[in-house]
Structure formats: structure tokens, C-alpha cells
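Peer 1: mind looking at a prediction? Sequence and model below.
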Amino acid sequence: MRGAMLLDALHVPLDAAVCDRIIAECRGNPLALLELPRTWPAAELAGGFGTPDTQPLASRIEAGYVRRLRSLPGDTQLLLLAAAADPVGDAALLWRAAGRLGLGADPAAAAEKTGLIEFGPRIRFRHPLVRSAVYRSALPPDRRAVHLALAEATDPIVDPDRRAWHLAAAAPEPDEQVAVELERSAGRAQARGGLAAAAAFLQRAVALTDDSARRTERALAAAQANLHAGAFDAALGLLTAAHASPLDELQRARVDLLRGQIAFASGHGSDAPPLLLEAAKQLEPLDPDLARETYLDAWGAALFAGRLATAGSLLDAASAARSAPSPRHRPRPSDVLLDALAMLITEGHIAAAPKLRQATRAFAGEADHNFRWGWLTTVPPNVLWDDESWHAINVRQLQVARKAGALARLPIDLTASAILAAWWGDFAMAAAVIGETDAVTEATQTRIAPYGAMLLAALRGREASALIDSAIDAAIAGGQGIAVQYAHWVRAILFNGLGRYDRALAAAQQASADTPELFLSAWALPELIEASVRSGHSHLGLAALERLVTATSSGGTDWALGIEARSRALLSEGDTAESLYREATQRLACTRFRPELARAHLLYGEWLRREGRRVDARQQLRVAHDILGAIGMDAFAERARRELLATGETARKRTVETPDELTAQETQIARLAREGLSNHEIGTRLFISPRTVEWHLRKVFTKLGISSRKQLRDSGLNAAPA
């Protein structure tokens, strides 16, 4: 149990059989559990398809094992090597391979007598370092011999992929037939969601390819697989290898395209837009369809880079896309999306609204297109204030990304899910998704701002300035201008909740000044209006309201019109203000935005109290206080409590959380268990072992006073947003 938990600390995806073997061989040694997998490639952990011979000897302990091995008879060393070359310890396979190597019972007896290995249904070394010492100290011809024997002993129908991998490890020189087998294995691995394994197969195929043209194509395919798997350094290395060979114009453009995609996915935001724009221009005469797709990539990269882009602004990307060749066939959803986003920047909200709605419909109803375009497909519903379509698209994105094992994509998709959960007032779900995001970003070394964590902290009203400041510093260093803008927006929410209106106004002004055509600047405007009115700068609020009306008019949703009515009310008087406050509460009550609804009741109650209508004010303030307290928006709830006191009514401060409340990870595991996922499926999704899932579920059952999954389904635990 503790061993599985220690492996969880690595936040890497582990194949179940490989994980079991590591834990068994480490025998609970914490140092070995933490140190050994850090030296292994992701593909080795994901399914045994790594290359341990490329890793250095781990320690003097391993060197000591090597000295002991060299004192053993040659046949015994060869049998130990065959056992080490199989990553899952399949005893039946080992004995078939041993027969092909001409090894009888004596080497096995001698090997077991050393105490270095145990033979049973699963082969287990005394310590993982014994296995690595055996493999890495062997001579290359001996390694190739045992891999060939293991390949010949592997059923090509039952396990063609492991057979192909052993054949590849046995090949002394380039072998086209084996390279083709590896490509087939990569296709199967990718189809079942094993992108890390697919990347490993393709990378090995590159090494076994003699023909220059084929090697270049395979290197580009391997680079793309590594990109999607989150192995950015490996992807860049393959592009360097591809660039060393003669490239045609299309291949050169594809290299530039992949470099730009890697720069964007790995968090080097300012570098990506010019690389992608240049690649798109190169592709126009060679592959117009791919050129349009690359312009869409460039638009997204420019959005993320914002003002920090070294070149290739959002306007540059949009203008270039507008002048790109039209689709040669019936427009694909990606073509509609590109036209909508380009028009949004060049012509504004009103002109782009029909195209934005068309793009939203296309991606809300088509799961097949979401993998390629991911988070970009949520931009139109965000601009249109259409949170239901945003949610529907995001759910599909997460399903497709998880099924494909696309670790490079998951952090952005999870971030959108965390933002929605927090904004809808489900803080437990938001915290759980944030935890999963952190695990994936650590596994892939993806540099993405803590968007979800910042919004959650701001809505809770807890002092989050240090988190926001560090996020801004990291975003500037990584060239992610959108993260800087986002941080100013959440800071405005934080300070409005705390009643520090001058600071909220300054933050909202910074957030609303960037890319006014887009959703973040529009989301900052209500914060600016509230802060300006409360700080005595209503003239700034009036100017912001004009911009907000332009932004909300293209959407027409209850979310948009409710926020607009609330903002208008702040700048109105008398019957007009009251009518607008009522409209705001009625419209926002039709949405899932409980925090925004509660804030509308709070502002309405504050206005009523200032109008001298204490009894009416108490009604609105009680509603606000109850909702805000239930959600966990402590600062806004305290605002409501103080206003209630001013009307002559008391309200208790929200109590601290009890020790029996579920943690973020326990909440997420409980929710997934309620959905019917097995411990193994939950572990795969959260990058933890099934044993750790079981351990957490026991704690969940204890805290909830239940004893089974059936009772969990019947418990009062909130379901995930749907």
C-alpha cells in the first residue's frame, strides 16, 4: 500500500504489471521506489517499451551487483539477462525463451541459489537494481540474443507488439521488415490510448530505417507522437535528426510546424506564433488544407502569447488567415472555426457572431473533431457567453484526450473544467480537477499557469496575492500573455470580495485593456464596473458598460444578459436600478453561475440598504449570505454579513471545515467511483495505483459513514457537473 503511494508521488503513468513488479522487487524500500523509476523513460513505465541500456548505472549498489554477476557461470548470466529483458516477469515466456537459448534447469537452479532472483508464476529479482545491473552490464551481442529468443517465444497473434519490440532490440543493424512491424504496433498502441508506447515504437523504427526518405517520414511521425505524449525533448531531438537529412519543401514546413506546436504545448508561448505563421505561409502552395490548420494553430498560439509574443500578434494571425486560400472542398468544422476566429479579430463581435455560433454548433455536436483542436473550440462559446456549449465541448475534449492518452493536451482541457466548476460554485470538484492537472503537468513538465487555482482562491476570498504574483512572473518568463491578463481578472474578483475597491479597479483595468475582442477582457468589465462605482469613479464604469453591452449583445444568453443587467443596475438609480437588479437575479437564477447569482443578490441588498429599505434589503442579503456561505465564498459572504448587521440583523460567520470533510483527491475518487469506474480505471485517470484508489475509498467510506460503493451511489455526495 505504502509502496503504491510512493510511486504515486512520481506522477507518472505506470503500466499495472510494471508497477506491481517494481513494488514487489523493491520490497517496500522507499528510496528504491522513489529513485528507480526516475531513471526510466515514460515508455518503459507505460508498458515496458523503453530502452534501459541507455541509462547510467544508478549507484555503487548496482555496481556491487555487477561484480557478483560476473562471478557466475556464463549460462546463468544469460538466463538472468533473459529474465531482465522481459519487463513484466512472464515466467512461461522466459522458459520458452530459455529453451531456444539452449538453457536447461542447471542455470536456473544456480541463479536462484545466488538469492538474486526468485522463480515463480512471475519472475522477481531481489531488487530492481539487480535487474538493471544484469541488463546494462551485458554485452550487446548477448542482449540481442536474448531479445531474439524472447521474440521467437512470443505469440505473434496474442502479443504482436511485445514481439515486435523484442525483434527491434535484437536487430544488429537497420531492418525494414522490423521497422514496418513497429509502425503497425505504434498504430495499435495509439488506437488504445498508448501514446507513450506509440512514440517509443516509432522512435525505434527510425533507428532501424536505412532509407533516408523513409527515415525522415518516420522521424516526423515519431516527433508528433512524442509531442502528443508530452515528451517534448524527445520530439525536438527527432526533429533535429530529421533536419539532418535532405528535406523537401513540404517536410521543411512540417518541421517548422512541429517546432511551433512543441513550443506552444511546452509553454514557450512567445516563440510559438512566429514559427507557426511561417510554417503556414510555407504550406499554402504545398498543402492548402494543412496551411489553414496551421493558421488555426498560429491563432491559438498568438492568443496565449498575447502582448508577450516576440512576433506574430493575434491581428497578424487573423489577417493572414483571412487572406489564406479558401477550402478546396466543403468547409470542415476547423475551416468554420478559423473563419470565425479571424473575423472576430478583424471585424469584431457583431460581424463574427453568426460564424461563432456555427462553429459552436459544429464542435458541440461532433466529438471526432475535438482532439485536433482542443481548447480552441471553446473560444466561440466563451465569446458568446454560452457556458452550456462550453461545458459540452470540454466534456468531449476530456473524453477524447483521456482515451488517446494525450498528456500534452490534458492540462489545458482540465484547466477549462476546473474554471467552470469553480465559476459554477462547485469548489470541491474544482479542487479535485486542479489536483489532477498538477499531476499531469508534473508528469509532462508542461508549463501552464495555475488558472483554476487562481480563480478558486479568488472566489473563496482567501489571500491569493502570492499565488497570483508568482503566476504572473512565471507567465512573463514563459511568454504567456493570456495568463497575465487572466491573473489581473481574478485579482479584481479577489479584491472586490475583500472590499478593496481601488485595488480591484486597477486590476480590472489591466485585465480589460488586453485584446478587447476576446472573452477575458469582457469578463473583467463587470469587475471594473463594480469596483469603479464602489470607489467613487463611476465615469470609468460608464465607459466600461458601453464595451460590456457590445460584448454581451453577440451572446444573448441569460448569463450575458444577467451580468449586463447587474452592471447596468450599479450605474442606475431609482425604479430603473431596482428593475435591473430584479432582471439580473431572475436571469442568473436560470444559469449554473451560483456565485454570480449570489453577487447579484448581494449588490441588490446593498443598494436597498442605501435606499433606506432595511426590511427589503435583509431579504436579498439573507439569500446572498446563504448562497455564498454554502459555496465557500468567504470574503463575499463576510460582505453580506456586514451589510446584514447594518440593517440590524445578525448572521453567523461561516465555520471552518471539519476534519471529516473529504479532501480534493478523495472527492474526485468518490465521484469517479459513483460513476461506476473500477479502481484500475480511476487509477489510470488520476495517475495513481489501484491500491491507492482502494486506500482512499476506505477513507471516504469512513468519513461518510458507509461501507460499500452502492451506499456511495446513494449518498448525498454531489455528482460532477453535467
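Peer 2: Good, I have the coordinates.

Peer 1: quick check: residue 628 touching residue 640?
Peer 2: Yes - taking CB atoms under 8 Å as the contact criterion, residue 628 and residue 640 are neighbours in contact, 5.9 Å apart. (Each C-beta comes from the backbone N, C-alpha and C, glycine too.)

Peer 1: what sits in contact with each of these two?
Peer 2: Among the neighbours of residue 628, those also in contact with residue 640 (CB atoms under 8 Å, 6 or more residues apart in numbering) are residue 602.

Peer 1: need the pLDDT of residue 160.
Peer 2: What the model reports as pLDDT for residue 160 is 90.

Peer 1: what about it, neighbour count?
Peer 2: The burial metric for residue 160, expressed as a neighbour count using other CB atoms under 10 Å, is 15.

Peer 1: surely it touches residue 184?
Peer 2: Yes - with contact defined as CB under 8 Å, residue 160 counts as touching residue 184 (7.5 Å).

Peer 1: is it true that residue 280 lies in a helix?
Peer 2: Yes - with the criterion set as DSSP: H, G, I helix; E, B strand; the rest coil, the secondary structure at residue 280 is a helix.

Peer 1: domains of this protein?
Peer 2: 2-144, 460-556 (automatic domain parsing).

Peer 1: what's the most buried one of these?
Peer 2: For the domains of the chain, average neighbour numbers computed from mean count of other CB atoms under 10 Å are highest in domain 460-556, which has a mean of 21.

Peer 1: now that domain: mean pLDDT?
Peer 2: Looking at domain 460-556 alone, the average pLDDT works out to 93.

Peer 1: between the two ends of it, how far is it?
Peer 2: Counting by CA to CA, to the nearest Å, you get 29 Å between the two ends of domain 460-556.

Peer 1: quick check: mean pLDDT of stretch 199-217?
Peer 2: The pLDDT scores in stretch 199-217 average 90.

Peer 1: buried ones in it?
Peer 2: Within stretch 199-217, the residues that count as buried by 16 or more other CB atoms under 10 Å are 199-209, 214-217.

Peer 1: and the pLDDT for the nearest residue to residue 138 once chain neighbours are set aside?
Peer 2: If the residues on either side of it in the chain are set aside, residue 138 comes closest to residue 81, at 4.9 Å by CB to CB, 6 or more residues apart in numbering. Looking at residue 81, its pLDDT stands at 92.

Peer 1: hang on, residue 81 packs against residue 142?
Peer 2: Yes - because the distance of 5.9 Å satisfies CB under 8 Å, residue 81 is recorded as touching residue 142.

Peer 1: how about the helices of the stretch 151-300 of the chain, start to end?
Peer 2: 160-170, 176-191, 195-207, 212-229, 232-243, 249-265, 272-283, 288-305 (DSSP state H, counting those that start in this stretch).

Peer 1: so which of those helices gets nearest residue 671?
Peer 2: helix 195-207 (25.5 Å; CB to CB).

Peer 1: helices or strands up against the closest one?
Peer 2: For helix 195-207, the helices and strands in contact under the criterion 3 or more CB pairs under 8 Å, 6 or more residues apart in numbering; DSSP states H and E are helix 42-47, helix 160-170, helix 176-191, helix 212-229, helix 232-243.

Peer 1: tell me which of these sits nearest to residue 414.
Peer 2: Distances from residue 414 to each of the helices and strands packed on helix 195-207 were compared by CB to CB, and the smallest falls on helix 212-229, at 15.7 Å.

Peer 1: need the contact list for residue 167.
Peer 2: Taking CB under 8 Å, 6+ apart as the test, what residue 167 contacts is 147-148, 151, 175, 178, 181.

Peer 1: using TSV, lay out these together with distance to residue 259 and pLDDT.
Peer 2: TSV is the format used below for the contacts of residue 167 (distance: CB to CB, whole Å; pLDDT from 0 to 100):
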residue	distance to residue 259	pLDDT
147	34	94
148	38	95
151	36	93
175	30	91
178	29	92
181	30	91
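
Peer 1: where does pLDDT dip in the stretch 551-700 of the chain?
Peer 2: 651-661, 664, 684-689, 691 (pLDDT under 70).

Peer 1: pretty sure residue 563 contacts residue 529?
Peer 2: No - with contact taken as CB under 8 Å, residue 563 and residue 529 are classed as non-touching, separated by 9.7 Å.

Peer 1: anything in contact with each of those two?
Peer 2: Jointly contacting residue 563 and residue 529 under the rule CB under 8 Å, 6+ apart are residue 548.

Peer 1: grab the most central residue of this structure for me.
Peer 2: Centrality entry for the chain: nearest residue to the mean C-alpha point is residue 411, 1.5 Å, by CA atoms, centre = their mean.

Peer 1: measure how buried residue 306 is and give me the count.
Peer 2: Quick note: residue 306 (other CB under 10 Å) scores 25 neighbours.

Peer 1: got any ranges where the stretch 151-300 of the chain has weak pLDDT?
Peer 2: Screening the stretch 151-300 of the chain residue by residue with the criterion pLDDT under 70, one finds the ranges 191-193, 267-269.

Peer 1: out of the helices of the stretch 151-300 of the chain, which one sits most buried?
Peer 2: helix 195-207 (a mean of 28).

Peer 1: okay, the angle between it and helix 212-229?
Peer 2: Angular relation of helix 195-207 and helix 212-229 on a 0 to 180 degree scale: 160 degrees, by axes from the mean of the first three to the mean of the last three CA atoms, to 10 degrees.

Peer 1: got the angle for helix 195-207 vs helix 232-243?
Peer 2: Computed by the same axes, to 10 degrees, the angle between helix 195-207 and helix 232-243 is 30 degrees.

Peer 1: then helix 195-207 to CSV, C-alphas only?
Peer 2: The C-alpha trace of helix 195-207 is given here as CSV (Å, rounded to 0.1, in the frame of the first residue of the first chain):
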residue,chain,number,x,y,z
LEU,A,195,0.7,7.4,-27.0
ALA,A,196,3.9,7.0,-25.0
ALA,A,197,4.2,3.4,-26.2
ALA,A,198,3.3,4.5,-29.8
ALA,A,199,6.0,7.2,-29.6
ALA,A,200,8.6,4.6,-28.4
PHE,A,201,7.7,2.2,-31.2
LEU,A,202,8.1,4.9,-33.9
GLN,A,203,11.3,6.2,-32.4
ARG,A,204,12.8,2.7,-32.5
ALA,A,205,11.5,2.4,-36.1
VAL,A,206,13.5,5.5,-37.0
ALA,A,207,16.7,3.9,-35.7
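
Peer 1: and the angle from that helix to helix 160-170?
Peer 2: With the same axes, to 10 degrees applied, the angle from helix 195-207 to helix 160-170 works out at 40 degrees.

Peer 1: assumed residue 356 was part of a strand.
Peer 2: No - Residue 356: not assigned to a strand; according to three-state DSSP it is helix.
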